[in-house]
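Novice: Predicted model and sequence follow; I will ask about them next.
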Amino acid sequence: MSDAQDKPAATEAGHSKFLTGDYTFGTVTDKISAVVLSGQTPRSWYVGFAIAFSLVMLLLWAITWLFVKGVGIWGINIPVSWGFAIVNFVWWIGIGHAGTLISAILLLLRQQWRTSINRFAEAMTLFAVACAGLFPLLHLGRPEYFYYLIPYPATTGVWPQFRSPLMWDFFAVSIYATVSLLFWYVGLIPDMATLRDKAKGKFAQITYGILSMGWRGSARHWLRYQRAYLILAGLAAPLVVSVHSIVSFDFSVTIVPGWHSTIFPPYFVAGAIYSGFAMVLTIAIPLRAVYRLHDLVTDRHLDNMAKVLLASGLVVAYGYLMEIFMAWYSGSQFEQYMILNRLFGPYGWCYWLLIACNVVIPQLLWFRAVRRSVPWLFMLALMINLGMWLERFVIVVVSLHRDFVPSSWGMYVPSFWDWATLFGSMGLFAALLFLFIRMLPMISIFEMRELLEESQGESQ
Amino acid sequence: MAQIFHPSMNTVARVSIFGAVFIAAAVVSLLLLVVRSPYVTEVGVVREQPVPFSHKHHVGDVGLDCRYCHTSVENSSFAGIPPTKTCMNCHSQLFTKSAMLQPVRDSLRTGEPLKWTRVHDLPDFVYFDHSIHIHKGIACVKCHGEVNEMPLMWREHTLHMQWCLACHRRPELFVGDRNDVFAATSDSTIDPRLASDLVAEYQIESKTSCSTCHR
């Protein structure tokens, strides 16, 4: 953000402010790899994993019952045929945006502070996309035919409907998942080699050995590696914008009041970054406390992320404001009613809660004291996560439940299975994260060494 | 420090990276081939029947018309499977001692119909009507093949949707004279210009919307 101003200060201190404490190449490597290799897993890991795993079981139960009985077990019906499944899909895919933003765009912009958070932000992206991908499949009703979305030479002689935004969505999400996975994996290769060399057990050596793909750290390896990483970053950067734009087309291409709006793509992208950074904070704060990573994920990092939250939150707030303005300005009876119903209708409380969580309370981030206060940040991050989920609920459900024809109005009440699938997906997300923390270096070791090199180079 | 991997693993790694692409391509190709193979489509596969009925004999040698047995083909969606009595029109006189025909005689005596195995069985989600196709000049042989050459019945075509669509998209390639629809052979290749005229004359509208067949 304000790199030019920070550099003199960093030089005086002898270290970049993004890496505090007295580290050498060896100690920074030991510190990060010890989490994986030492075998001393903190008790909180077991407790957390147990909770997450039981939620995964709840998810499996909900999915099994869904496959047995069909989507009728959910609260959806006409007129609200898109319920929690689509709300959760958009929410999760939005959360997945922070990873690529941090890893690709901040890399291309040479923002050093991304280094200590990019690895687990990318992992978070992958797991969020995995959770997101689950919901459209479950929502299909006949999930075994999901492959109809793939354009392959079928015996039917017909192709998928390329004019449908749902089709674009399929491409956007699958490309995003593939590129995120590649980016994450390529970034992991040198660290896998470090783990291979430091591991004591034969099994760990062989596993990390295979995953590191014969990395020896030669100059040629590094040259190729840097090129590949930059190319991938270049490929991934447009995805940050495109994926959620296309997700927003699912709505804005239709004619439903509250969906049919040209502001949707930028407004969805800003919302995605907003929720994504909120989730990164939600994860970073407990991680740093449990594994004592305060030197690596510093208060400066949290402060920067809080600034991104504030900025993207303001764009989102602008979106909310414009929706109301455009409804009035359009002169369309249905658009105006949609806003009135959103504000004062039966689901009005959702809207006001969302405004409180996403717009009003996050204004506290203007205060430096709040940005530097870990408990406040954590509270705000949780609140924004909730707010962003409510935003999708308001867009999906509240727009659908009262559209053009009053005779077809209805209410939507989520069933037990809706909630079970939502919390189950959170469990899946958390369980995958716990496994990731235990088995892979959660902070990029080689990039921390680079950061150390750069900051020491500056001091000389 | 001892090496974890033998140097030969370099080759294994390279082969597996390149191989993965080919293995993935091979698996996908295999799946695409399997759904087109006779194992799935039953093209050319003879099904077990209660009586080894020969279309080759009855149509080719004896010269029966299709409608002698499949009576409702001109008026109904279903071409019709003949009752045992139709068989007995002849077989009360011919081959009366034949062991092969014992199930037919049993069927007549008990009143229990013969349980034929259906060879051309479309999925239940497809609406198909024989009569309209017959009236628009689509000959039996176009779909069922030359049954006068089939000692036992088999499927001539895959019944895949793309096979249906091939004709629904370009009916002029398959249409023939209305008067010849029951001819057993399809040796007469029709002049393309004449075919276009027939399409116009029979008012064949190329119906490819989903709800034409999936009602």
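Specialist: Now that the structure is in, tell me what you want to look at. Numbering: from 1, shown residues only, chains lettered A, B, ... in the order given.
Novice: Which residues of chain A lie near chain B?
Specialist: Selection of chain A residues close to chain B by Cβ under 8 Å from any Cβ of the partner chain yields A:152-158, A:196, A:205-206, A:209, A:213-214. C-betas here are computed from N, CA, C, even on glycine.
Novice: go again using 6 Å as the cut-off
Specialist: A:155-157, A:205, A:209, A:214 (Cβ under 6 Å from any Cβ of the partner chain).
Novice: Turn these into JSON lines, columns for pLDDT and neighbour count.
Specialist: Shown next, in JSON lines, are these (pLDDT from 0 to 100; neighbours: other Cβ atoms under 10 Å in any protein chain shown):
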{"residue": "A:T155", "pLDDT": "90", "neighbour count": "16"}
{"residue": "A:T156", "pLDDT": "89", "neighbour count": "13"}
{"residue": "A:G157", "pLDDT": "89", "neighbour count": "16"}
{"residue": "A:Q205", "pLDDT": "89", "neighbour count": "19"}
{"residue": "A:G209", "pLDDT": "90", "neighbour count": "21"}
{"residue": "A:G214", "pLDDT": "83", "neighbour count": "15"}
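Novice: Mind picking the one among these that's closest to A:D418?
Specialist: Here the nearest of the residues of chain A next to chain B to A:D418, counting by Cβ to Cβ, is A:T156; it sits at 33.1 Å.
Novice: residues contacting the closest one?
Specialist: B:M161 (Cβ atoms under 6 Å, 6 or more residues apart in numbering or on different chains).
Novice: again, but for B:F128
Specialist: So B:F128 contacts B:L122 (Cβ under 6 Å, 6+ apart).
Novice: That one in helix, strand or coil?
Specialist: Classification of B:F128 using DSSP: H, G, I helix; E, B strand; the rest coil returns coil.
Novice: now A:D22
Specialist: Strictly by three-state DSSP, A:D22 counts as coil.
Novice: so who does it touch?
Specialist: A:D22 neighbours (Cβ under 6 Å, 6+ apart): none.
Novice: Would you mind measuring from it to chain B?
Specialist: A:D22 sits at a distance of 29 Å from chain B (criterion: Cβ to the nearest Cβ, to the nearest Å).
Novice: cool, A:S399 as well?
Specialist: For A:S399, the distance to chain B - Cβ to the nearest Cβ - is 28 Å.
Novice: do the same with A:Y267
Specialist: From A:Y267 to chain B the distance is 35 Å (Cβ to the nearest Cβ).
Novice: burial of that residue, as a residue count?
Specialist: 24 (other Cβ atoms under 10 Å in any protein chain shown).
Novice: Which of the helices or strands spans the residue lying closest to it once chain neighbours are set aside?
Specialist: Leaving aside its sequence neighbours, A:Y267 sits nearest to A:G319 (Cβ to Cβ, 6 or more residues apart in numbering or on different chains; 3.4 Å). According to DSSP states H and E, A:G319 maps onto helix A:299-330.
Novice: buried residues in that helix?
Specialist: A:299-314, A:316-317, A:319-320, A:322-323, A:327 (16 or more other Cβ atoms under 10 Å in any protein chain shown).
Novice: Check residue 211 and give its pLDDT.
Specialist: All of this refers to chain A. What the model reports for A:L211 is a pLDDT of 90.
Novice: other chain: chain B
Specialist: 91.
Novice: give the contact list for it.
Specialist: Per Cβ under 6 Å, 6+ apart, neighbours of B:S211: none.
Novice: Give the helix, strand or coil label for it.
Specialist: Going by three-state DSSP: B:S211 is helix.
Novice: how close does it get to chain A?
Specialist: Distance from B:S211 to chain A, by Cβ to the nearest Cβ: 14 Å.
Novice: And for B:G145?
Specialist: 19 Å.
Novice: Next, count neighbours for the closest residue to that residue other than its chain neighbours.
Specialist: Leaving aside its chain neighbours, B:G145 sits nearest to B:E156 (2.8 Å; criterion: Cβ to Cβ, 6+ apart). Other residues within reach of B:E156, judged by other Cβ under 10 Å, total 18.
Novice: my guess is B:E156 contacts B:C143, does it?
Specialist: No - applying Cβ atoms under 6 Å, one finds B:E156 not in contact with B:C143, separated by 7.3 Å.
Novice: from chain B, which residue is nearest to chain A?
Specialist: Residue nearest to chain A within chain B: B:Q162 (2.7 Å; Cβ to the nearest Cβ).
Novice: For that residue, give me its contacts.
Specialist: B:Q162 sits in contact with A:155, A:157, where contact means Cβ under 6 Å, 6+ apart.
Novice: coming back round to it: and which of the residues of chain A next to chain B is nearest A:G387?
Specialist: A:T156 (43.6 Å).
Novice: That closest one falls within a strand, correct?
Specialist: No - applying three-state DSSP, one finds A:T156 to be coil, outside a strand.
Novice: what are the phi and psi angles of it?
Specialist: phi -80, psi -20 (degrees, to the nearest 10).
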